[in-house]
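Q: This is the structure alone, sequence omitted:
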């Protein structure tokens with residue numbers, strides 16, 4: 001009963017109406033409802049000075065981290081075709097090439113994406129959201145730097161393609177055992193109930209903006225002067241592009257370290273102020 005009354009009061013900000021509604025369906029009088037057990041009412045509005053004083057840094061952290069991880073994550077998908085060079089591609093028809101690409105994507109998913117989510121599920125209430133997010137950004141940065149710095153001179157060689165695949169899987173594993181999971185969870189745990197969906201939506205929208213900027217930017221930046229792509233301006237090449245992605249991940253580590261609050265073990269009712 002108290003849970004229902006609390007929830008109604010928090011969302012509607014109308015304790016008396018909640019009490020009257022409960023009186024209609026339960027054998028309890030209005031006088032029996034102890035109002036002081038309800039959390040204190042907070043009358044400040046969304047995007048008010050009081051909101052930004054209490055939750056401004058939280059909204060900044062959630063929004064910026066989601067923006068950063070989606071910028072990197074969707075770029076990672078775009079250069080997937082560079083991981084595996086098909087032999088005798090001129091002799092492959094479109095169907096066989098699609099099958100081979102699907103096999104590669106299935107291997108990546110089975111070896112990195114799915115295990116990353118399972119690791120997050122297991123450890124998120126043991127080591128916390130902030131540590132997982134920091135760790136994810138950090139190891140993603142290492143993977144991108146390792147791929148990018150020696151990309152042209154080392155990773156483009158046929159004999160090194162499997163090492164490239166391993167590093168690529170590491171980046172995807174720590175994306176999911178990291179910010180690609182925690183950025184969905186933290187906004188849902190940091191804000192009062194009446195602001196939670198809105199702040200989560202703002203953070204998610206920032207992520208999609210990052211996905212657009214990252215995808216379009218990477219398509220331009222990743223091809224260098226020696227690559228002939230009709231209709232595209234000359235880019236900066238794969239090495240600088242991948243190193244930029246690594247730098248974006250380092251920014252994510254910094255933002256997470258200094259601005260993201262830990263919500264492990266924290267009751268949602270603690271946010272209702």
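A: Perfect, thanks for sending it. None of the values given here were measured: they were computed from a predicted structure. Residues are numbered from 1 along each chain as shown.

Q: From the centroid of the protein, which residue is nearest?
A: Among the residues of the chain, the one closest to the centroid is residue 180, at 3.3 Å (Cα atoms, centre = their mean).

Q: For that residue, give me its contacts.
A: Listed by Cβ atoms under 8 Å, 6 or more residues apart in numbering, the contact set of residue 180 reads 69, 73, 116, 136. Heads up, the C-betas are built off the backbone N, CA and C, glycines and all.

Q: Kindly recompute the last result at 7 Å.
A: Residues near residue 180 by Cβ atoms under 7 Å, 6 or more residues apart in numbering: 69, 73.

Q: how near is it to residue 51?
A: Look at residue 180 and residue 51: by Cβ to Cβ, to the nearest Å, they are 28 Å apart.

Q: repeat for residue 67
A: Counting by Cβ to Cβ - residue 67 and residue 51 are separated by 20 Å.

Q: So these two - more neighbours on which side?
A: Neighbours were counted for residue 67 and for residue 51 using other Cβ atoms under 10 Å; residue 67 has more, 24 against 18.

Q: Now for the spatially closest residue to that one that is not a sequence neighbour, how many residues are close by?
A: Distances taken as Cβ to Cβ, 6 or more residues apart in numbering place residue 210 nearest to residue 67, at 3.9 Å, with adjacent residues excluded. Using other Cβ under 10 Å as the criterion, residue 210 is surrounded by 24 other residues.

Q: So what's the residue count around residue 203?
A: 26.

Q: surely it meets residue 63?
A: Yes - contact criterion Cβ atoms under 7 Å: residue 203 and residue 63 qualify, at 4.8 Å.

Q: what about residue 205, neighbour count?
A: The burial count for residue 205: 13, using other Cβ under 10 Å.

Q: name the element it belongs to?
A: Using DSSP states H and E, residue 205 maps to helix 193-221.

Q: for the next helix or strand along the chain from that helix, packing partners?
A: Downstream of helix 193-221, the next assigned helix or strand under DSSP H and E is helix 238-259. Packing partners of helix 238-259 (3 or more Cβ pairs under 7 Å, 6 or more residues apart in numbering; DSSP states H and E): helix 49-78, helix 129-149.

Q: Kindly calculate the angle that the last one makes with helix 238-259.
A: So that's helix 129-149. 160 degrees (axes from the mean of the first three to the mean of the last three Cα atoms, to 10 degrees).

Q: Give me the contact list for helix 129-149.
A: 65, 72, 120, 123-124, 155, 164, 167, 170-171, 174-175, 177-179, 182, 185-186, 238-239, 242-243, 245-246, 249-250, 252-253, 256-257, 260, 262-264.

Q: Show me what the helix or strand that that helix is followed by packs onto, helices and strands only.
A: Per DSSP H and E, helix 129-149 leads on to helix 161-176 as the next helix or strand towards the C-terminus. Packing partners of helix 161-176 (3+ Cβ pairs under 7 Å, 6+ apart): helix 49-78, helix 114-123, helix 129-149.

Q: Which pLDDT value goes with the residue nearest to residue 67?
A: If you check residue 210, the pLDDT there is 95.

Q: do the same with the one 5 residues further on
A: According to the model's per-residue confidence, residue 215 sits at a pLDDT of 87.
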